[in-house]
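Engineer: Please find the sequence and the predicted model below.
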Amino acid sequence: MKPQSKVLRFSMFALLYFTQGTILGYFASVNALYLMGSGFDMGKVGIFSTIALIPFVIKILFGMLSDRFNFLGLGHRKPYIFMGLAVQTICLLIVAQINPTNNYWGFVLLAFLLQLGMAFYDTCTDGLALDITPDNERGILQGFMVGGRSVGVIVAASAAGFIAQYLNWPAVFYFLAILTLVPIPLLFFIKDTGRAQGLRFNWAAFKAFKNAQVIAAAGAGLVIFLVIVGANQLMNPALTERFNIDLSTAGLITTVWGLGCVAGAFIGGFVKDKLGDKSALWASVLMVIPAMLLLAFIGVKPLMWAVAVFFGLAYGMSQSIYFALAMKYTSPAIAASMFAILMSVTNIGQGIGLGVGGGLAKNVGFPITFVIFGAVMLLVLPFFPVLFKKKAPTA
């Protein structure tokens, strides 16, 4: 298959991930503070975050749908991406009318549906990337995708805290709804032809999950995302408790963290492509553990900016390195399905990290929780001998 314009492809994927990043920026910067300001403790915030993440755990269903069915002859990926973006937009417009203090479970339900839409277009975006991206471009593509998501985080985080503090919370959700529409124009210029020209959906390809390397890749992803996402939820609440920062400052903290993510995403993609998978995964481990210790023991307020940037670097590197590694173990016959399963495992890790992190922070405090997360990151190391024993399997 002749690849389509690299500039167009990379721009579209970056913008689709940018849209995801705007929602992640809200969750990373002010959602916990919003719920805590509405009278909920970190335990309940953790429960909320875990429930809202469930769609990303079941995204394999979306991958199977996309791999198997060409929607009305319009394609295997693009129609479903449009649907997911529409669901996200509608939920944001509705959630602006919900007060979590009076209707906590209604707020949770809308967050669940919003994440359902995001998981839908996220899965199909990944499938489209696998369909139309040459193997030698996948590392740098992940840099653009994770970088795009990080820019979305920066934009949303910078604005969300300011809007919430000086306007109101409904305005935050209307702003996010507008940003959801940003990638739509470029979607019309990309041809959704990868599945028609490539391999057909093949149930037998799922046998790849019997392979020890694929299992090890899934296990490593669970650990990595448990740590980095669990810690990310706690960063602003921890700094608020320690230094009494306001909503605007919390948004700016997430902004500088996002800048670190952008740099880390491109650095991670470069390291993976130039130094190889093993060195890249080592780099991830050796960045995340110090980041956890810095978050645990930072004692001077001005240093919180540097710590946020460093954690962002570790976060962005870890994501782009792992996503590129996961693409290596994906069978073309079930591209979206298999990648979705690997991503679902990482999302299970995120759910565990969000729930356990919130509970630990409530019971033992933020510093000990960050130290525990740093120790958990070491559990990636036992997967190295299996992951890098021999060449990745092809199904």
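Structural biologist: That came through, no problem.
Engineer: List the buried residues of the longest helix belonging to the chain.
Structural biologist: When secondary structure is assigned using DSSP state H, the longest helix within the chain turns out to be helix 212-243. For helix 212-243, burial by neighbour count (16 or more other Cβ atoms under 10 Å) applies to 213-240. C-betas here are computed from N, CA, C, even on glycine.
Engineer: what do you get for stretch 275-289?
Structural biologist: So for stretch 275-289, counting by 16+ other Cβ under 10 Å, buried means D277, A280, L281, W282, A283, S284, V285, M287, V288, I289.
Engineer: State the distance from the third one to M327.
Structural biologist: What that stands for is L281. Separation of L281 from M327 (Cβ to Cβ, to the nearest Å): 14 Å.
Engineer: before we move on, what about the fourth one?
Structural biologist: W282 is 19 Å from M327, where distance means Cβ to Cβ.
Engineer: on that earlier part again, and of the buried residues of stretch 275-289, the nearest to Y34?
Structural biologist: Y34 lies nearest to V288 out of these, by Cβ to Cβ, at 27.0 Å.
Engineer: correct me, but that closest one touches G316?
Structural biologist: No. Counting by Cβ atoms under 8 Å, G316 is not a contact partner of V288; they are 11.1 Å apart.
Engineer: from the buried residues of stretch 275-289, which is closest to L130?
Structural biologist: Among the buried residues of stretch 275-289, and counting by Cβ to Cβ, the member closest to L130 is D277, at 17.3 Å.
Engineer: any idea how far G316 is from the closest one?
Structural biologist: With distances taken as Cβ to Cβ, D277 is found 17 Å from G316.
Engineer: Equivalent analysis for F270, please.
Structural biologist: F270 is 12 Å from G316, where distance means Cβ to Cβ.
Engineer: Have a look at those two and say which one is more surrounded.
Structural biologist: When F270 and G316 are compared on other Cβ atoms under 10 Å, the one with more neighbours turns out to be G316, at 31 against 16.
Engineer: contacting residues for the more buried one?
Structural biologist: When contacts are counted by Cβ atoms under 8 Å, 6 or more residues apart in numbering, G316 touches V146, G147, S150, G260, C261, V262, A263, G264, A265, F266, I267, G268.
Engineer: Highest neighbour count among the residues you listed?
Structural biologist: Counting neighbours by other Cβ under 10 Å, C261 comes out on top of the contacts of G316 with 34 neighbours.
Engineer: Can you show me the helices along the stretch 1-150 of the chain?
Structural biologist: Taking DSSP state H, counting those that start in this stretch, the helices of the stretch 1-150 of the chain run over residues 6-26, 32-37, 42-57, 60-68, 78-95, 104-132, 138-166.
Engineer: Select, out of these, the one closest to P185.
Structural biologist: Across the helices of the stretch 1-150 of the chain (criterion: Cβ to Cβ), the nearest stretch is helix 6-26, sitting at 8.9 Å.
Engineer: Distance from the closest one to the middle of the chain?
Structural biologist: 11 Å (Cα atoms, centre = their mean, to the nearest Å).
Engineer: cool, stretch 23-38 as well?
Structural biologist: Relative to its parent chain, stretch 23-38 has a centroid offset of 16 Å by Cα atoms, centre = their mean.
Engineer: now the end-to-end length of that stretch.
Structural biologist: Between the opening and closing residues of stretch 23-38 lies a distance of 20 Å (Cα to Cα, to the nearest Å).
Engineer: start the count at 56, not 1, going forward
Structural biologist: Understood, numbering begins at 56; the last thing we discussed is stretch 78-93.
Engineer: Can you list the buried residues in that stretch?
Structural biologist: When burial is assessed from 16+ other Cβ under 10 Å, stretch 78-93 yields the following buried residues: 78-90.
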